[in-house]
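>>> Model the structure of this input:
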Amino acid sequence: MIAVDGVRVPRVLVIELAHQLVHRNELATASNLLAGLASGEPGIGLGEIDRNVIRNALAASLAGLERLRDALDGNTLLAEGEGTTLGREHADHT
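As a prediction, the model looks like this:
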């Protein structure tokens, strides 16, 4: 798992999202996601442009990324502990 803008999602789904963004010609955002995965950090922060690009891509929902879509749309509150950066020793790299 990795936190994307404070929402924990499976790493494999972030790769799938980046793949879809490449097909949408949203190369900068796809690159940002992949660089975040490759960094080894427990989370990927998003800028406003990336949030909008991902929000549009998630309009056609990817199974498993509904919480991320809802959070980017402002429809959910983060649970306690979400949105915080865990130490590397606590990161789940699955």
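
>>> so what's the residue nearest in space to the middle of the chain up against?
Nearest to the mean C-alpha position of the chain, counting by CA atoms, centre = their mean, stands Val4 at 3.3 Å. Applying CB atoms under 8 Å, 6 or more residues apart in numbering to Val4 gives the contacts 14, 33, 36, 43-44, 46, 68. (C-beta placed from N, C-alpha, C; glycine too.)

>>> Taking those together, which two end up most distant?
Greatest spatial distance in the contacts of Val4: Gly36 and Leu68, 13.3 Å, computed using CB to CB.

>>> can you list the weak-confidence ranges in the protein?
For the chain, applying pLDDT under 70 flags the ranges 61-62, 76-94.

>>> isn't Arg51 right up against Thr29?
No - using CB atoms under 8 Å as the test, Arg51 is too far from Thr29 to be in contact (9.1 Å).

>>> Between the two, point out the one with more neighbours.
Applying other CB atoms under 10 Å to Arg51 and Thr29 shows that Thr29 carries more neighbours, namely 23 against 15.

>>> Only the buried residues of the helix or strand hosting that one, if you could.
Applying DSSP states H and E as the criterion places Thr29 in helix 27-38. Neighbour-count burial for helix 27-38, with 16 or more other CB atoms under 10 Å as criterion, is recorded at 29-30, 32-34, 36-37.

>>> ok, so of these, who is nearest His23?
Ala30 (9.1 Å).

>>> Report the buried residues of the helix or strand hosting Gln20.
If you go by DSSP H and E, Gln20 is part of helix 11-23. Across helix 11-23, burial judged by 16+ other CB under 10 Å covers 13-14, 17-18, 20-21.

>>> circling back: between the contacts of Val4, which is closest to Asn25?
Relative to Asn25, the closest of the contacts of Val4 is Leu33; by CB to CB it sits at 14.7 Å.

>>> So that closest one versus Leu65, what's the distance?
Here Leu33 is placed at a distance of 12 Å from Leu65 (CB to CB, to the nearest Å).

>>> any residues in contact with both of these two?
Counting by CB under 8 Å, 6+ apart, the shared contacts of Leu33 and Leu65 are Leu17.

>>> All set now, cheers.
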